[in-house]
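>>> got a predicted structure plus its sequence, pasted below:
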Amino acid sequence: MLWPAGLYDVSVHSLAERVLGHIRREELLHAGDRVGVAVSGGIDSVALLRLLIDLRQELGIVLSVVHFNHKLRGAESSADQEFVAKLAQEHGLEFYAASGDVAKHAAEEHSGVEAAARELRYTFFRGLLGAGDGEEEAGAKAQDFEALNRSAGSAAPPKRDPQGLKPESVGRLIGTAEALPFQTHNRAPRQNQESVLNKIATGHTLDDQAETVLMRLIRGTGPRGLGGIYPRLIVEHESGEDHGEIIRPMLGIRRRELETYLDAIKQPWREDSTNTESKFTRNRLRKLVLPLLEREFNPAVAESVAELAEIARDEEDYWENEISGWLGTVVQWSQPEWMRGLPGFAGPQFLVQIQPSPSQPPDGDLLSRSEQSGPAVVNASVSRPWLLTEPKAVQRRVLKAIGEQVGIPLGFKHIEEILRFAAEDGPSGKELSLPAGWKIVREPEALVFLTPDLRRQERMPDYEYSLPVPGRAAVPELGIVFEALLINPESQVAEYNQQLLRPELLPEKLTVRNWRAGDRFWPAHTKAPRKVKELLQEKHVAQPERRLWPVVASGDEIVWMRGFPVPARLRAGPDHEGVFVREAPAAEENTV
């Protein structure tokens, strides 16, 4: 037995046993693991901490507490941190805390507050797992990282600077795990950095799983997105020699069960006031959609959706192994003709990222542009007869995998268009344009993906889509969904960073498009309108990203531009309703 008779009631004992069973079934923890429990102060994370405290002897693990202060709720956020620090002290656990300016980061990245908070929070986690960077990124730094130890006189671990980084919305799958190869924005890795922990446990529940899958389903997703929250995330160190893990031990537990558990052991928790704010999509789904589905259609809908996610993850595990084989056999990789023999570039005639030749000075401008063009500058060729005789599921996955390998944002419509193009009869050499300047050439025996010729700076096709106010517009060329949100005056808090537009000065429909030659924009705090080309040059935006840079226009006037404050004359006042333009990945936005 894990607990003396009478110490806990049957329901408490059963809950801990279920968590223990999930941990062992998924092999999330092993004896000797140094585990940081991510505790916000809310019901989920506090329950996770108390459960792992009860289970730590059985599991043979060493626990500590980690907390990230998002600084979005002023004194309330500070009180949360104090509560968590006291909880760690009461149980004799080391406490690691960090804070970051989430509101500023959300404004700079033009993302939702939830996405920005997750990004900085996982930056902190990555630093604790020994996979951080040594260079500061403006606006994305997790600051004030401190280690506090309950024992008087004990030395605190060395101070660290976990940096801002952008985890991919969906990473490489490893069995039942999701690997997150965190992007580091070209900063040099920190030397001799040791990990404080090798595992971090988060309090995601079955409710979180159901909410995530439903959000992705509503917004549009594929089988991979239906996998929802994975039991573990592999955090790969830059050296490639080691990794840490972020684990979710409570994915099979309902939130209401945790509330019963904490009441039974008389453990208080903190309530986050933002959990009731309807401006957040997840809150609306939690308060409105899920209760409706449970009441009107299926009382066990959350459990059913969680089971669907588990099935989808296992399916993806199988397909990932298949895809790896295809990319090495039926897909042939080659260096583009236009880069062969160029001064400063050399490499074999297969899958390569352009590398400067040591014997010749590199073409600096061309190298800069190649670094912006995707994961690799390479052509890909797939056997056309083989592709057309395979089932549709195989066809779609092969094309999607090629796009992911070389950095082409291919949505469902793109892939269906490619398949129609492949099946057509016609002359050899016919071309089909793809996002980001890529092309496909149809030959009798092959479909050839051609990377843009960076020497000629090939013109990419313009895009233009209607953006209702309020409403959404998908931009396949960027793999982005733009949203125009109406924000109430009482919700105009710091996270919008004066980026709200006056709705009475806007039409019912705006236009989201790439900028065009001659376009001008008047950012706040500047004396006069400026050419968009000059603004992007000063921001050091390289091709081809510069060519596709998005703006939002009202008629001929640009009212919003990525990376810049909205015009002063269009800015909504603090006591007025405003329109907030934000961007999110087309399929997997707001991963928790």
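Good, I have the coordinates. Not measured: the values here are computed from a predicted model.
>>> and Leu49, how far is that from Met250?
Relative to Met250, Leu49 is positioned 11 Å away (CB to CB, to the nearest Å). For the C-beta atoms, the positions are set from N, CA and C on the backbone; glycine is no exception.
>>> more neighbours: these two, which one.
Shown here are Leu49 and Met250; by other CB atoms under 10 Å, Met250 has more neighbours (30 against 23).
>>> residue contacts, the closest residue in space to that one that isn't next to it in sequence?
Distances taken as CB to CB, 6 or more residues apart in numbering place Thr205 nearest to Met250, at 5.3 Å, with adjacent residues excluded. Residues in contact with Thr205 (CB atoms under 8 Å, 6 or more residues apart in numbering) are 44, 250-251, 253-255, 258.
>>> quick one: the helices in the stretch 401-550 of the chain, in order.
Along the stretch 401-550 of the chain, the segments classed as helices by DSSP state H, counting those that start in this stretch run 412-423, 532-538.
>>> can you tell which of these is closest to Asn69?
For Asn69, the closest of the helices of the stretch 401-550 of the chain is helix 532-538, at 33.7 Å, according to CB to CB.
>>> avg pLDDT for the helix or strand that contains Arg224?
Following DSSP states H and E, one finds Arg224 within helix 223-226. Here helix 223-226 scores 88 as its mean pLDDT.
>>> now swap in stretch 446-460 and tell me
74.
>>> then stretch 34-45?
On average, stretch 34-45 scores 95.
>>> likewise stretch 319-334?
Rounded mean pLDDT across stretch 319-334 is 86.
>>> any buried residues in that stretch, and which?
Residues of stretch 319-334 classed as buried by neighbour count (16 or more other CB atoms under 10 Å): 319-320, 323, 326-327, 331, 333-334.
>>> cool, and stretch 419-435?
419, 422, 432, 434-435.
>>> can you list the helices of the stretch 401-550 of the chain in JSON lines and add distance to Ala103 and mean pLDDT?
Conversion of the helices of the stretch 401-550 of the chain to JSON lines gives the following (distance: least, CB to CB, whole Å; pLDDT from 0 to 100):
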{"stretch": "helix 412-423", "distance to Ala103": "34", "mean pLDDT": "90"}
{"stretch": "helix 532-538", "distance to Ala103": "23", "mean pLDDT": "88"}
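>>> format the ones you listed as JSON lines; extra columns: distance to Ile402.
JSON lines is the format used below for the helices of the stretch 401-550 of the chain (distance: least, CB to CB, whole Å):
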{"stretch": "helix 412-423", "distance to Ile402": "10"}
{"stretch": "helix 532-538", "distance to Ile402": "29"}
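>>> any idea which of the ones you listed gets closest to Gly578?
Closest among those, using CB to CB: helix 532-538, at 23.0 Å.
>>> by contact count, what packs against the closest one?
strand 520-521, strand 557-561 (3 or more CB pairs under 8 Å, 6 or more residues apart in numbering; DSSP states H and E).
>>> Leu506 is in contact with Val552, isn't it?
No - between Leu506 and Val552 there is no contact under CB atoms under 8 Å: 9.5 Å.
>>> for those two, indicate the residue with more neighbours.
Using other CB under 10 Å, the more surrounded residue of Leu506 and Val552 is Val552, with 23 against 17.
>>> how about Glu271, phi and psi?
For Glu271, the backbone dihedrals (degrees, to the nearest 10) come out as phi -100, psi 130.
>>> number of residues surrounding it?
12.
>>> other SSEs contacting the one helix or strand Tyr318 maps to?
Using DSSP H and E, Tyr318 maps to helix 301-328. If you count contacts as 3+ CB pairs under 8 Å, 6+ apart, helix 301-328 packs onto strand 172-174, helix 206-219, helix 223-226, helix 290-296, helix 392-406.
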